[in-house]
Structures are given as structure tokens and as C-alpha cells.
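>>> Here is my input; please provide its structure:
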Amino acid sequence: MANAATTLALTLLAVNFCLGVAAYFSTVGVDVRAAAIVDLLNAILKAAPQHGDFVILITDNWSLLDHVAEVAAPRGVGVFKEAGNIQDANVTQAQLSQGIGQARKLRQVSWSVTVVAVSDDPVFLAVFAKWSLEGRLLVWSTRLLILTDLPVHHLHYIHNTLAMTNSMLLQCTYDPSLRVKIYIQLPYSQPGTQPVTVATWSPGKGFVMKSSTSFYFEKFSRLSHRPRVVVSRVLTRIDAPVTIDDPDYPGEKKVIGLNKKNNMIETIAANMNFSIKYVEPGDGQCGKIDSDGEWTGMIGMVYRQEADIALGLFTITPIRNEVADFTYPVEISYMGILAARRRPEVTPWGFLLPLTPVVWMGILVALGMYMAVMLAPSCLPVESLNRTRLFTSASNCARVLLQQGESEHLQNNILRTVAIIMWNCFTWSVNRYIFE
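Residues are numbered from 1 along each chain as shown. A predicted model of the protein is given here:
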């Protein structure tokens, strides 16, 4: 009995020791993987710079948090840690939608942003792919990196996000060191289409390019196959709509407008290699939020993904910019507000209006002091000082007030004074008659 108990105790101790060692090396292995992932991100940020990226990291991997400070992002890193391995999609959606909402606020105040999603949980990636678009975290100028160890053929639920955004898929394997395959999904490709392999990466060899395609190349500049793009537009009588045979789809008709907007989109389609299917909103409007909080018109069709492009001269407003991406303005117009001007009022005291009462009071006080100084010699005896005549002193004071230059003394020129007074009265009367 004693030997059996001793053997059992030693066996349990050996098992616990092995489990502890395994857990230790497992922790070390996870930490090494996290460090390798950070090295990979730094290599991509260095190989494809975007004028000083700000990185938004969204992950359910706790081990990455210890290495965030090592990410070489010129403008900093924002980290959003979400709980992983939750099989309930509703719980994951509730948690991740809140995090994406906060990340979107961070994206709006940043100049150029690269969003990095790291997860091996298919539920996490599916919810992220949905809410990153619906929550407006990903816009036209945002770059996206999705890093996972899931096989590519299991990632069909993120196909649309990879195809319609400026993104790359990083598929990792550990055997035993980290090896990464870098994929790009072409725009408007069918679900299940194999993405293009751009390069591979390993800590020792770095990047090994597998095609002539570079990182974040302009995949929307020239589409590889000729997809059909749905364009929402509104035609009026001024646009002179004409029905023609659709050259891309024999037997179908296409209504075009003879205007510069239609010519522009047809020219873009010819250069980017896509065909057009025109649709019109039911209300025939550009789009606004109705009483139910739903978007109407062409913007509503783009927001609900019923159309790829809305063609029109839209007014770019902050609330519209929250649900749709706008191109660079092709036409800028200005509006002014006109209001009836009141009839001019003629008043003999109009010369007082340019200055405030306080300023006029200061002028009168200064003039009074000047007159006192000028008239003071008139009070002195003749023997002590050659007195200045009272009329001359008063004339000098009036000349200073009216900002007139020095002139000959009037010296009893009463006719000249009367003529000036009559002329001023005549001018005031004529001006009042003309304006009234």
C-alpha cells in the first residue's frame, strides 16, 4: 500500500510538472508569435508608407497588447481589444460594434489610417467585416490589413470587404516559425474566387514577391474583368434622355442622358473597364433622412448597397459624408443671399455718424481748450502784449474744426460768409429732394 501510494504521488507530481512546462513553453510560443506579428506589421508599414500612418489595431489576441509599443507607426497606434472565442454572434456583434464606433471617431480625426484586424476566430472576422463597412470605419482612403491563420477557402464571409476596399489578407502558418502569405482580392470578383498572391514573408527572408503587383496597388484604376456597375441617377427633361441598345448586353436597352454628367461616367467606364446599368430612385431625389430615420434618394441606394455609384451634383454635407464617400468635387458653385436694401435716409446730422459720441465729446473738449488758449491773449492789457483780435481767434478755431488750411483773414467780409451759408443750405435742400 505504501509503495502504491508513493508511486501514485510521484506520477501526479510528474504529470503536473509536465503540464507546467508545456504551459510555460506554450506561453513563450504565443509571445514569440506576437513579436513576429509585430515585426510583420512593421515590415509592411515600411514597405508601403502612406505619408505617416496612424494604425488602428482591432484584435482578440491578448498577447499582442504587450508588443503594441513596438509597432513603428509614425503617428501612433490606437488599440481596441475585444473578447474572442465567443460562439454567440450576437454578443460578438454587440461588443465589436461599440469598439468600431469608437475606432471610427479616431479615424475621423486622423490624417491617414491603416486598420489592422488580427484574429483566428471566424465569428470575430465575420462581424468585423460587416460592421467595418456599415459602421463607416473603412472609407475610400483607409487601408486594411486582416491577419489570421484560417485557411483562405474558409474566409468567404469577408470576401466582399477584401474586394471592395484597399486591403490585404495576411494568412499565417506556424511551422514552427511564422510564415505569411499575402493576398489581394480583386474588385467585383465573384465569391469563391481565389485571391491574388502578392508575396510571402518570413522573419529570416523577409518579403519574397510572387507577382509584379505591389502592395496596395491601385486595383480600382483598371478592372481586370469588365464588371457591371450599378449607377443611380435622376434624369429630367433638361437632360434629354435617349433610349439606345446596350452595347455590352445585346437585347437590352439603356437610357442615357445627353449631358456632361453622363459623358463623364461613360468616359470613366471606358477607361476603368466596366459597363453601366442605370437605375433611378423611386422619389427622384438626391437623398435625405426621412421621418423614420431612413435615407432616401440616390444616397439611400448607395447606403443600402442597391447601387455602386450615385451620379449627380451633390451638396457635400457632414451628415451625408457619414454614410457615403464623395469624389473630388468636379464642379464648385457659390450661392448668395439677396435682401432688399432700405431707402437711404437723408439727415443733416449724418456727418456725426462716422464717429461715436465719446469721440465727438473728446473733440469738442479739445476744441474748447484750444479756443481758451487762443482767446486768452485778448484779455491781456495792450501794453503787455500785442492782442490778437477776437474775430481772428474765433476764425482759427473754426478752421481747425472744419480741417481747413490757413487762409486770409475775413476781416468783416460779411458777404463772403453769407454766400457760404446760403450755398450750404442750397446743397442740403437739393440732396434731400434727390433722395426722397
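>>> rest of the way, CA atoms for contacts and neighbours
Noted.
>>> In contact with Ser189, which residues are there?
The contact partners of Ser189, taken as CA atoms under 8 Å, 6 or more residues apart in numbering, are Ala163.
>>> if you set the cut-off to 10 Å instead, what comes out?
By CA atoms under 10 Å, 6 or more residues apart in numbering, the contact list for Ser189 reads His159, Asn160, Ala163, Met164, Pro195, Leu223, Ser224, His225, Pro227.
>>> got it, and Leu138?
With contacts taken as CA under 10 Å, 6+ apart, Leu138 has the following neighbours: 100, 104, 107, 113-115, 129, 131-132, 144, 161, 165-167.
>>> again with Leu313
Leu313 sits next to Lys261, Cys286, Pro329, Val330, Glu331, Ile332 when contact means CA under 10 Å, 6+ apart.
>>> now those: which count as buried?
Neighbour counting by 16 or more other CA atoms under 10 Å classes Lys261, Cys286 among the contacts of Leu313 as buried.
>>> Take the contacts of Leu313 and keep only those in helices.
Residues of those located in helices (DSSP state H): Lys261.
>>> want to throw the contacts of Leu313 into TSV with pLDDT?
Shown next, in TSV, are these (pLDDT from 0 to 100):
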residue	pLDDT
Lys261	81
Cys286	89
Pro329	81
Val330	78
Glu331	77
Ile332	79
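>>> that older thread, relative to Val346, which of the contacts of Ser189 is nearest.
If you rank these by distance to Val346 using CA to CA, Met164 comes first, at 68.0 Å.
>>> Neighbours of the closest one, how many?
Residue neighbour count, defined by other CA atoms under 10 Å, stands at 17 for Met164.
>>> Thought Gln190 was touching it, still the case?
No. Counting by CA atoms under 10 Å, Met164 does not reach Gln190; the two are 11.6 Å apart.
>>> circling back to that earlier point, ok, so of the contacts of Leu138, who is nearest Leu355?
Among those, and counting by CA to CA, the member closest to Leu355 is Arg107, at 51.8 Å.
>>> Find the residue ranges of the stretch 301-436 of the chain scoring beneath the pLDDT cut-off.
374-419, 426, 428-436 (pLDDT under 70).
>>> beta partners of Thr200?
Lys181, Val208 (DSSP bridges).
>>> Please apply the same query to Val55.
With DSSP bridges as the criterion, Val55 is bridged to Val77, Thr114.
>>> Show the contacting residues for it.
Shown in contact with Val55 (CA under 10 Å, 6+ apart): 41, 45, 71-79, 107, 110, 112-116, 143-144.
>>> Just the buried residues of those residues.
41, 45, 71-73, 77, 79, 107, 112-116, 143-144.
>>> Run through the residues that contact the residue nearest to Ser119 when sequence neighbours are not counted.
Closest residue to Ser119 apart from its sequence neighbours, by CA to CA, 6 or more residues apart in numbering: Thr148 at 5.4 Å. If a contact means CA under 10 Å, 6+ apart, then Thr148 has 117-122, 125, 155, 169-173, 180 as its contacts.
>>> Buried among those residues? Make that a ChimeraX selection.
Only the buried entries of the contacts of Thr148 go into this ChimeraX selection, using 16+ other CA under 10 Å:
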select :117,118,119,120,121,122,125,169,170,171,172,180
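>>> now, among the contacts of Thr148, which is nearest to Asp290?
Nearest to Asp290, judged by CA to CA, of these is Leu125 at 32.8 Å.
>>> does the closest one really touch His154, like I thought?
No. Between Leu125 and His154 there is no contact under CA under 10 Å: 11.1 Å.
>>> mind listing the strands for this protein?
54-59, 77-81, 113-118, 143-148, 166-174, 178-184, 196-202, 206-209, 228-233, 241-245, 253-257, 275-279, 309-311 (DSSP state E).
>>> Tell me which of these lies nearest to Ile319.
With CA to CA as the criterion, Ile319 lies closest to strand 309-311 of these, at 16.3 Å.
>>> pLDDT and distance to Ala307 added to the contacts of Thr148, as CSV?
CSV is the format used below for these (pLDDT from 0 to 100; distance: CA to CA, whole Å):
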residue, pLDDT, distance to Ala307
Ala117, 91, 27
Val118, 90, 31
Ser119, 89, 31
Asp120, 87, 32
Asp121, 87, 31
Pro122, 88, 28
Leu125, 89, 25
Leu155, 89, 25
Leu169, 91, 26
Leu170, 90, 30
Gln171, 89, 31
Cys172, 87, 35
Thr173, 84, 38
Val180, 88, 36
